[in-house]
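Novice: Could you look at this predicted model? Sequence included:
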Amino acid sequence: MSRQLEIGRQSLERVRSGLFLALLVVFVSGCCLGGYQLGPEGIYDLGVKTVYVPMVEADTYREGFAERLTEAIVKKITEQTPYRIASSNKADSILTVRLVGETQRVSALNRYDDARQKNVELTATAVWRDLRSTARVDQSPSPSLAPNSGVTILSQSFLVPEMGQSTATAQQEAIDKLAQEIVGLMETPW
């Protein structure tokens with residue numbers, strides 16, 4: 001009887017293995033035939049090879065924000081996308097960013113009216129254009145992508161002085177988050 005039980009277990013294992021392989025083949029072929037791709041090549045427009053990022057224009061009065069945001073955007077593009085940074089005369093596309101707002105406000109006070117927490121908010125607009133034609137690269141059906149207006153992005157960070165943070169670290173965190181959001185817009189829409 002134990003011999004029959006052992007044969008039954010082996011048969012069940014073969015059936016399970018065969019079913020797993022069949023499902024794996026169906027899944028992989030479905031992904032390939034359905035146009036899905038894995039890796040960064042699957043989420044970025046491979047027709048665009050290079051990006052020109054001019055200096056961010058700033059409507060704010062804080063000195064150095066435009067330069068720091070431009071640097072953060074260029075760094076994120078080179079780290080996270082297959083695109084290369086190029087000069088304006090050699091680029092396939094241009095990513096134009098305008099810093100339109102910067103706010104710092106106290107969100108919590110201690111009993112002595114000292115700031116316990118501040119919010120640092122940055123607002124920017126970004127437009128990514130294909131220089132090979134007059135079309136915009138970002139062809140998402142999102143209503144926020146109205147022609148010539150760009151996408152508005154908001155980034156927020158918190159400053160807690162009691163935890164040893166400074167205004168400069170909170171501002172840099174907001175800049176890095178904003179750059180991450182802007183570069184995230186370069187992905188192809190689903």
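Specialist: Everything's here; your move. Remember, it's a predicted structure, so these values are computed and weren't measured experimentally. Residues are numbered from 1 along each chain as shown.

Novice: Which parts of this structure are helices?
Specialist: Here the chain has its helices, by DSSP state H, at 2-33, 65-80, 167-184.

Novice: What are the buried residues along the second one?
Specialist: For helix 65-80, burial by neighbour count (16 or more other CB atoms under 10 Å) applies to Phe65, Ala66, Arg68, Leu69, Thr70, Ala72, Ile73, Val74, Lys76, Ile77. The C-beta positions use only the backbone N, C-alpha and C, and glycine is treated the same way.

Novice: so the fourth one sits right up against Asp176, yeah?
Specialist: Spelled out, that is Leu69. No - here Leu69 lies out of contact with Asp176, judged by CB atoms under 8 Å, at a distance of 9.3 Å.

Novice: Tell me the spacing between Val97 and Lys118.
Specialist: Val97 sits 24 Å away from Lys118, going by CB to CB, to the nearest Å.

Novice: which of the two has more neighbours?
Specialist: A count of neighbours by other CB atoms under 10 Å puts Val97 above the other of Val97 and Lys118, at 26 against 19.

Novice: Report the central residue of this protein.
Specialist: Gly184 (2.2 Å; CA atoms, centre = their mean).

Novice: got any ranges where this protein has weak pLDDT?
Specialist: 1-10, 12, 15, 22, 24, 26-42, 134-149, 189-190 (pLDDT under 70).

Novice: What are the structural domain limits within it?
Specialist: Using automatic domain parsing, the domains assigned to the chain come out as 1-36, 42-184.

Novice: and those, which is most packed in?
Specialist: Of all the domains of the chain, domain 42-184 carries the top mean neighbour count, a mean of 16, counting by mean count of other CB atoms under 10 Å.
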